[in-house]
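K.L.:
what would the 3D arrangement of this be:
(2 chains)
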Amino acid sequence: MNNKNENLKELLNKFFSEAEAARAEEDILRGEQIIADNPAPQPDARVISNIKARVRSELAKREKRGVFTYLRATMTAAAAVLIIGVILFMIHPAEERSLPTVAEGTIPQGIWESEDLMDDDVELAMLAANIDAVEEEVLALRFGDGSDEMINLDEVEIEVLEISEDFWKG
Amino acid sequence: METANRRDLEAIIAGCKRGDSESFSRLVDAYSARLYGFFHRLSNDKTTSEDLLSELFVKLVEKIRHYRGGHFEAWLFTVANNLWRDSLRARQRSDKALEGRKAQLELDAKKKRFSGLETDMIDRLGRELENIEQDSRELIILRYYSQMSFKEIAETQGMPIGTVLSKVHRGLAKLRELMEQYSHEQ
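P.N.:
Prediction:
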């Protein structure tokens, strides 16, 4: 919309009394006529040609950036395709391989059926007792005076290894 | 005030959106005089007006893509007005930073302005406009140069139309009074 198309009188009448609106209309029209009668200075031809040169340079920069962005986008897309390909290649053989399963037979029947494991499986009971003993030693070391700490820790470690070996030997 | 032919304008805008240098050149030819006048009436300073005009067209290289139809001049002058306000805020910040030297700078600026060296940029209307409240002055100049209706100004500036009307009316009434007073004194 252009301000020449608006009905100023009608607009002013919505906000002012009839007399005020008439005065406001006159003030506005005469005020704008004063501005029209006193035109602002014009820009120099040199200024205009400098602006055009700056705009050309900005357009060239933008075009360059556009090409760079396109190349970067293309390279990113290619890299993404490559990465996805590698991932798919790695996933598929893994799917084809059989997953390690725990055979039912390797676990003592008692473990599956017992209400109280410690009573039914002697080895498991011994392991649990040994773990308790090591735990006690560790706690004693943690809250102890700290003397000979390194020696005691070594002993505990050796003990744990022995227990572990004994258990798996069966 | 000249206005670009509507069909020509559509072709120019389409070209600018494509990044066509020739279209931008035509846009500069079509609007530089009005926009320079707009900045000059707001700043009353030749260098500021030239800088803002240049800055505006450089900004348009990016911004023109955001123009989605409608009254092009309303859009263009809203961008110009925002640029003016940004520059004003930046100037106020730098004035604050230079507070110690401010009085001296203002004195120097006044001497320079009235020395006759820059009489081409100091016209009577420019001086009198400086005596009008800033927000009224901005609205008056925006309306005159952009040819926006009061309704469009209210929409683009986010103000009630009644406020715009009364600010413009008050400012123009004062301008008229000042200009007539000046004429009687001569």
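
K.L.:
got the contact list for B:L52?
P.N.:
B:F39, B:S43, B:A80, B:L83, B:W84, B:S87 (Cβ atoms under 8 Å, 6 or more residues apart in numbering or on different chains). C-beta coordinates here come from the backbone N, C-alpha and C atoms, glycine included.

K.L.:
buried sites along stretch B:34-41?
P.N.:
By 16 or more other Cβ atoms under 10 Å in any protein chain shown, the buried positions in stretch B:34-41 come out as B:R34, B:L35, B:Y36, B:G37, B:F38, B:F39, B:H40, B:R41.

K.L.:
touching chain A at all, it?
P.N.:
Yes. Stretch B:34-41 lies in contact with chain A when judged by Cβ under 8 Å from any Cβ of the partner chain; the contacting residues are B:Y36, B:G37, B:F38, B:H40, B:R41.

K.L.:
return the member of those nearest to B:L9.
P.N.:
B:F38 (17.7 Å; Cβ to Cβ).

K.L.:
what about the nearest residue to the closest one once chain neighbours are set aside, how many neighbours?
P.N.:
The shortest distance from B:F38 to any non-neighbouring residue, by Cβ to Cβ, 6 or more residues apart in numbering or on different chains, is to B:Y145 (3.9 Å). The criterion is other Cβ atoms under 10 Å in any protein chain shown. On that basis, B:Y145 has 26 neighbouring residues.

K.L.:
tell me which element B:Y145 falls in.
P.N.:
Assigning secondary structure by DSSP states H and E places B:Y145 in helix B:134-146.

K.L.:
repeat that for A:A133.
P.N.:
Secondary structure here is read from DSSP H and E; on that basis A:A133 sits in helix A:122-143.

K.L.:
enumerate the residues of chain A near chain B.
P.N.:
Taking Cβ under 8 Å from any Cβ as the measure of proximity, chain A contacts chain B at A:1-6, A:8, A:11-12, A:15, A:24, A:27-28, A:30-32, A:34-36, A:38-44, A:47-48, A:50-52, A:54-56, A:58-59, A:62-63.

K.L.:
which pLDDT value goes with the residue nearest to B:F38?
P.N.:
With respect to pLDDT, B:Y145 has a value of 95.

K.L.:
repeat for the one 5 residues further on
P.N.:
Looking at B:F150, its pLDDT stands at 95.

K.L.:
which non-adjacent residue is nearest whichever residue of chain B sits closest to chain A?
P.N.:
Per Cβ to the nearest Cβ, B:L172 is where chain B lies closest to chain A, at 2.8 Å. Beyond its immediate neighbours in the sequence, the residue positioned closest to B:L172 (Cβ to Cβ, 6+ apart) is A:G31, lying 2.8 Å away.

K.L.:
could you check how far the one you found is from B:V168?
P.N.:
In this structure, A:G31 and B:V168 are separated by 8 Å, where distance is defined by Cβ to Cβ, to the nearest Å.
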